[in-house]
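# return atomic coordinates for the entry below.
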Amino acid sequence: TATKRLGAGTATHDGLINNPGGLAAVWAEQNDRNAIFAGIRRAETYATSGPRIALRFFGGWGYAGGLCSADDKLTTAYAGGVPMGGSLGSAESAAPTFLLSTEHDPGTAAAPGSELQRMQIVKGWLKDGAAHEKVFDVAGDATVGVDVDTATCEPSSEGAASLCTVWTDPEFDAGQHAFYYARVLETVSCRWSARECLKLSGADRPAMCDDPALAKVVQQRAWSSPIWYTPT
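I've put the predicted structure just below:
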């Protein structure tokens, strides 16, 4: 029941503060055991905090800027580079380019999904023996879908159903080991606990539903396996 899921009558808030709905996804040629395990072995995998977001991420040395609109973009992406989990190897004449493509979870008629706010690339690298990291916003708009009415939990319609872009690292250093992974953020939505609390009233509503320390909103997301760059 909603009351039990909210931890009413227990001595701990662990279940309430945790996220119970994370998902792992594997890109496979077909839906069978051998193909799925092959996808896991090559790390062509990604995860989400719960929504069924579809995320593709490729790295190469010359993806065209208009690749997102090409009918054969995935075929071209595989032919000209590596998918998430792959290695770019040594540098060629220019910085690597990356294809990011994502589609939101449409949900159902009774429980529609949230739209997408933006896509990011997270870059990590080693310099002088120290680890560094930087986040690049590469598509979408960080200013949309930043709030939701917690009295109704109606999803925001300010975002995008899909996002796609080709991005080139503007700070590439061919002599540095580096990794890149893609992250996609939904517009802000009600946290699962806030939705559960809306179902309850009167004596059935636990006090924790009105606890200001418990967040009522969340920004769901998906993140890919990294693509690695190794200098010569």
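
# distance of Lys127 relative to Ala111?
Remark: distance between Lys127 and Ala111 (CB to CB, to the nearest Å) = 46 Å. From N, CA and C alone the C-beta is placed, and that goes for glycine too.

# comparing these two, which residue is more hemmed in?
Ranked by neighbour count (other CB atoms under 10 Å), Lys127 and Ala111 place Lys127 first, with 12 against 9.

# low pLDDT regions in this protein?
1-4, 7-15, 91-93 (pLDDT under 70).

# now do the strands in it.
23-26, 45-48, 54-60, 81-83, 97-103, 116-127, 130-140, 162-168, 178-186, 189-190, 217-218, 221-224, 227-229 (DSSP state E).

# could I get those strands as TSV with distance to Thr150?
Shown next, in TSV, are the strands of the chain (distance: least, CB to CB, whole Å):
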stretch	distance to Thr150
strand 23-26	24
strand 45-48	22
strand 54-60	28
strand 81-83	38
strand 97-103	26
strand 116-127	18
strand 130-140	23
strand 162-168	26
strand 178-186	16
strand 189-190	6
strand 217-218	7
strand 221-224	20
strand 227-229	38
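
# and Cys68, which of those is closest to it?
strand 162-168 (3.8 Å; CB to CB).

# list the pairing partners of that closest one within its sheet, with orientation.
strand 97-103 (antiparallel) (DSSP bridges).

# show me the contacts for the closest residue in space to Leu126 that isn't next to it in sequence.
For Leu126, ignoring the flanking residues on the chain, the nearest one in space by CB to CB, 6 or more residues apart in numbering is His177 at 4.8 Å. With contact set as CB atoms under 8 Å, 6 or more residues apart in numbering, His177 has these partners: Trp125, Leu126, Tyr229, Thr230, Pro231.
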